[in-house]
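> With the sequence up front, the predicted model follows.
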Amino acid sequence: MSKPLTGKVALVTGGSRGLGAATVRLLAEQGADVAFTYVSSKEQAQAVVDEVHGKGAKAVALQSDQADTSRAPALIDDVVAHFGGLDILVNNAAISVAGTVDDPDADTAALDRMHATNYLGVIAVTRAASRVLRTGGRIITVSSGLGSRVGAPGLADYAATKSGIERYTMGVARDLGPRNITANVVEAGLMEGGMEPPDPETLKVLVSSLSLQRMGHPDEIAAAIAFLASPAASYVTGAVLDAHGGYNA
């Protein structure tokens, strides 16, 4: 079982860097053919593709902005056309915009884009993918410890998007269970090389709130995602797997 995902096709949204790229690499190492999306970082995306190909696995990068929910059906069609089907969906793409709700200078357009990307975009991709996922498929949605506990000011909108996709994923698990498709959440934590970190003072507060007192590495969170994608997790659905260093402990 060194390659437990042999014969499977995976789609990882936001796979050109950070956790997304680590997940693409790991799923490919475990035998899956992997498609992933990127918005504008074409060179980064191609570098990931080249790395996967260099290890004898298959990958393809597809340009797609998750904030444009109308693009979701075409994205899934592209994956199926390229690899012949879909077995695993990893909802990873997300952006982070901070700001207190009473900030008179808040960038509401940026906040709205975050809601579109992190929440509505996840729903749109999941809906489109659910119609073609093969029996025994997997849906893994990447959330955050902030989806269950907001630990600092200025994170209300981001936390709301993560909490929303967690509850949505629970519903997906119920809807798709009769087709033996599982749907689970990984609550990721602060990561090296991840999204733009918060300001230094907020970052200090967040790290100090962790049981492990350190930031995580993308490979550590990718391992949790790969577990939920694997045959070993065949009886796990509607679950939240914490991979955030003990933020909720």
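Yes, it's here. Numbering: from 1, shown residues only.
> Which residue, neighbours along the chain excluded, lies closest to residue 9?
residue 83 (4.4 Å; Cβ to Cβ, 6 or more residues apart in numbering). Using the backbone N, CA and C atoms, a C-beta is placed for each residue, glycine as well.
> Which stretches in the chain count as helices?
With DSSP state H as the criterion, the chain has helices at 18-29, 42-54, 72-83, 108-115, 121-130, 156-176, 200-208, 218-229.
> I'd guessed residue 48 sits against residue 59; true?
Yes. Taking Cβ atoms under 8 Å as the definition, residue 48 is a contact partner of residue 59 at 6.9 Å.
> quick revisit: any idea of the pLDDT on the residue nearest to residue 9?
In this model, residue 83 is scored at 98, pLDDT.
> pLDDT weak spots in this protein?
1, 194-198 (pLDDT under 70).
> And the residue nearest to the spatial centre of it, how close does it get to residue 174?
The residue lying closest to the centre of the chain (Cα atoms, centre = their mean) is residue 92, at 1.6 Å. According to Cβ to Cβ, to the nearest Å, residue 92 stands 22 Å off from residue 174.
> got the contact list for stretch 52-71?
13-16, 24-25, 28-29, 31-39, 42, 45-46, 48-49, 72, 75, 78-79, 82-83, 93, 113, 116-117, 120-125 (Cβ atoms under 8 Å, 6 or more residues apart in numbering).
> Any idea how many residues pack against the closest residue to residue 135 other than its chain neighbours?
Excluding the flanking residues, the one nearest residue 135 by Cβ to Cβ, 6+ apart is residue 180, at 5.3 Å. Applying other Cβ atoms under 10 Å, we find 12 residues neighbouring residue 180.
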